[in-house]
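S.K.: What would the 3D arrangement of this be:
(one chain, ligands or ions: 2)
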Amino acid sequence: MKQKVSVLVAGSWGTALASVLADNGKDVLLWSRNEEQVLEINDKHTNSRFLKDVSLSPSIIATNSLQDAVQDADAIIMVVPSSGMREVASRMRPFLKKDALIIHATKGFETGTLKRMTEVLADELPEMDASRFVVLSGPSHAEEVICQMPTTVVVAAQDIQAAEAAQDLLITSYFRVYTNPDVTGVEVGGALKNIIGLGAGLTDGLDFGDNAKAALVTRGLAEITRLGTAMGANPLTFAGLAGIGDLIATCTSKHSRNWRAGNMLAKGMLLDDVLKEMGMVVEGVKTTKAAYDLARRFDVMMPITNELHNVLFESKSPQLAARDLMGRVRTHEMEELPLTH
Ligand SMILES: NC(=O)C1=CN([C@@H]2O[C@H](COP(=O)(O)OP(=O)(O)OC[C@H]3O[C@@H](n4cnc5c(N)ncnc54)[C@H](O)[C@@H]3O)[C@@H](O)[C@H]2O)C=CC1
Ligand SMILES: O=C(CO)COP(=O)(O)O
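M.R.: Residues are numbered from 1 along each chain as shown. Ligands and ions are numbered 1, 2, ... in the order given. Predicted coordinates:
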């Protein structure tokens, strides 16, 4: 029998993943709370607010009803921004098949609780087997995936069979999916790279040059790895798609929302105006606040995150933040090791 697959919600990444599934021969239900968007997807096969100038497969059917989207689904891909994950998970709970495969592709932590997205899912879906929750992450801008440009991602679950089921569902000629058992590492890497993406937009906007951006990416990876391993991740995960891979994409791509937001901040725009202008989720802003708090909870040094926090929320000038980063107390490249002189 043909697998029934649903995607929640019809933002840019949800629509691109629905398109991958459709290209893989699946019938896809795509849920949106916005009625006009549902009509547009079903009548015109476009989602013009989020993905301009692209036609969607007619085998993607949009629906306004969360119940219809969820009740018969064998697999559900959740692509709601981190701020909405708990609400959507709790609303879908009464309709869910108990053996449905749950995959999420969200990059962020929950504000306040600082939980990872699979932890939020475990809270809200207590009758599901949390070892089968899958996270999908990696360098994958929706704008390229929707045009079938070659892309690689990683899916992680504690239960490797669940990760392999997600791999089967999504792997196509242009969308290569790897598995990994390190759920914590893949979620932490995907979330924290957005902080560095914002920083890269700021660095480029201030014309700091290529050396500075290379430094930001490399030292950013060092602090992502420090926090991630303190939270229980395998450090090698950060050398993979959810770590350095996604850092490269986010810090160098014109498609990156986080890079673009950082770039606008560098031009002197206020944060609220930047977020209004973007009109799409910029996860790195909330993630900077969460990572600032996590660094304190786990007693980990995160100098770039601290400085970005001060720029975003304490009105510190980016120039002064850069000067303070450069003027930090001298240290070893692997900061855990003592200086030898
Ligand atoms: N856009 C991309 O290329 C990629 C995005 N991601 C991640 O995917 C997640 C979603 O991002 P995008 O699709 O880019 O966002 P988007 O801004 O394009 O779309 C978000 C959609 O979610 C809807 N929404 C927000 N809160 C909701 C709620 N509580 N209930 C129902 N609908 C809600 C909005 O109305 C909008 O339609 C983020 O965590 C992002 O980091 C990950 C990889 C690539
Ligand atoms: O996660 C992404 C690409 O892998 C999307 O990044 P942005 O949200 O910065 O566009």
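S.K.: What parts of the stretch 151-300 of the chain come near ligand 1?
M.R.: By C-beta under 6 Å from any ligand atom, the residues of the stretch 151-300 of the chain that approach ligand 1 are 280, 281, 283. Using the backbone N, CA and C atoms, a C-beta is placed for each residue, glycine as well.
S.K.: Which single helix of the protein contains the most residues?
M.R.: Using DSSP state H, we find that the single longest helix of the chain is helix 183-205.
S.K.: check contacts around the residue positioned nearest the centre of the chain.
M.R.: In the chain, the residue lying closest to the centroid (C-alpha atoms, centre = their mean) is residue 107, at 2.4 Å. Going by C-beta atoms under 8 Å, 6 or more residues apart in numbering, residue 107 touches 82, 137, 190, 191, 193, 194, 283, 287.
S.K.: nearest residue to it other than its sequence neighbours?
M.R.: Of all residues not flanking residue 107 in the chain, residue 190 sits nearest, at 4.1 Å (C-beta to C-beta, 6 or more residues apart in numbering).
S.K.: What of residue 62?
M.R.: Distances taken as C-beta to C-beta, 6+ apart place residue 41 nearest to residue 62, at 3.8 Å, with adjacent residues excluded.
S.K.: which secondary structure element contains the one you found?
M.R.: Per DSSP states H and E: residue 41 is located in helix 35-44.
S.K.: Now do that helix: distance to the chain's middle.
M.R.: Its chain's C-alpha centre and that of helix 35-44 lie 26 Å apart, by C-alpha atoms, centre = their mean, to the nearest Å.
S.K.: Could you list the buried residues of it?
M.R.: Residues of helix 35-44 classed as buried: 37, 38, 40, 41 (neighbour count, 16 or more other C-beta atoms under 10 Å).
S.K.: which stretches of this protein have low pLDDT?
M.R.: Counting by pLDDT under 70, the chain contains low-confidence residues at 337-341.
S.K.: Spell out which residues of it are next to ligand 2.
M.R.: When proximity is defined as C-beta under 6 Å from any ligand atom, the chain approaches ligand 2 at 107, 139-141, 194, 197, 246, 249-250, 255-258, 283.
S.K.: Let's see if you can find the most crowded of the residues you listed.
M.R.: Greatest neighbour count in the residues of the chain next to ligand 2, by other C-beta atoms under 10 Å, goes to residue 197: 31 neighbours.
S.K.: Thought residue 248 was touching that one, still the case?
M.R.: No: shown here, residue 197 and residue 248 do not form a contact pair, counting by C-beta atoms under 8 Å, at 10.3 Å.
S.K.: My understanding was that residue 177 contacts residue 155; is that so?
M.R.: Yes: using C-beta under 8 Å, residue 177 is in contact with residue 155, at 5.8 Å.
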